[in-house]
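Q: what follows is a predicted structure for the sequence shown.
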Amino acid sequence: MPTTKSPLKFSSALFMRSAATLPQCPPDIGSEVAFAGRSNAGKSSAINALTGKRKLTRISKTPGRTRLINFFSLSTSARLVDLPGYGFAKVSKTMKEEWDRNLADYLHHRRSLKALVLLMDIRHPLRSVDWQMLQWAAESNLPVHILLTKSDKLGHGPAMNTLQEVQKEIRRRDLDNISAQTFSAHRNTGIDELTEQLRQWLEPNETEPDDEISVG
């Protein structure tokens, strides 16, 4: 008889480890979804709101301060990943090149990576670096969910207009497997929609057999 899996509980998220290079990452098994975005897009705030843990990720007042890939376990086989922010880091050229190289290694070679959540400040969406990430994901057939953060900074009408413009531009460029929503960590809005999307990626099968059946 098939066994029904219990839904993932994002409130059970626990910090696993930080990694500067691909070999330092946890074993490449199971499934994980990575959060990426510019350093001022609100990644830490979004992950904290999603999990209901205000201090799960440290929110830095200096954009670009986090330079490590941070892993958080949801279960024995599912993880969230907080990638280094891009665009504002005040570091040396040599360090930035090494940082970018390590991040590229993760994105290109991590087999357990199932999808990206790409965060953008709703007031400044689809910058050139965002398009670079979207294009890479499209070439790799990696699904992307765009999180238009800080939607509380706009009224409901302007926020929805921006969402529609982003969706229109994505369609115009003929990119597939990309969805989008508005989100506010400050007001805890958009969490249910994000949770549902993450579960679709991290819980691909609603049921699984108790025992593996082999055919001789």
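A: Structure received.

Q: His109 reaches Leu22, doesn't it?
A: Yes - taking contacts as Cβ atoms under 8 Å, His109 lies within contact range of Leu22: 6.2 Å. Where you see a C-beta, it was placed from the backbone N, CA and C, and this is true even at glycine.

Q: neighbour count winner among the two?
A: More crowded of His109 and Leu22, by other Cβ atoms under 10 Å: Leu22, with 17 against 11.

Q: show the pLDDT at the more buried one.
A: On the pLDDT scale, Leu22 is placed at 91.

Q: from memory it sits against Tyr106, does it?
A: Yes - assessed by Cβ under 8 Å, Leu22 is found in contact with Tyr106 at 5.7 Å.

Q: can you give me the helices in this structure?
A: Ranges of helices in the chain, per DSSP state H, are 43-51, 93-109, 128-139, 156-172, 191-202.

Q: got the contact list for the last one?
A: Applying Cβ atoms under 8 Å, 6 or more residues apart in numbering, the external contacts of helix 191-202 come out as 7-8, 10, 31-33, 46, 49-50, 74, 78, 80, 114-115, 117, 143, 145, 147, 179, 181, 183.

Q: that helix: which residues count as buried?
A: If you call a residue buried by 16 or more other Cβ atoms under 10 Å, then helix 191-202 has these buried ones: 191, 194, 197-198, 201-202.

Q: now those residues in TSV, with distance to Arg173 and pLDDT?
A: Listed next are these as TSV, based on distance: Cβ to Cβ, whole Å; pLDDT from 0 to 100:
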residue	distance to Arg173	pLDDT
Ile191	28	97
Leu194	23	98
Gln197	21	97
Leu198	25	98
Trp201	22	97
Leu202	27	96
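
Q: now these as CSV including distance to Met16?
A: Output for these, formatted as CSV (distance: Cβ to Cβ, whole Å):
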residue, distance to Met16
Ile191, 22
Leu194, 21
Gln197, 22
Leu198, 17
Trp201, 18
Leu202, 15
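
Q: so for the most centrally placed residue in the chain, what's the pLDDT?
A: Closest residue to the average C-alpha location of the chain: Phe35 at 2.2 Å, with Cα atoms, centre = their mean. According to the prediction, Phe35 has pLDDT 96.

Q: ok, now Tyr86?
A: Tyr86 is assigned 77 on the pLDDT scale.

Q: could you measure from Glu32 over to Asn188?
A: Per Cβ to Cβ, to the nearest Å, Glu32 is found 24 Å from Asn188.

Q: okay, those two: which has more neighbours?
A: Glu32 (25 against 13).

Q: how close does the more buried one get to Ala46?
A: 16 Å.
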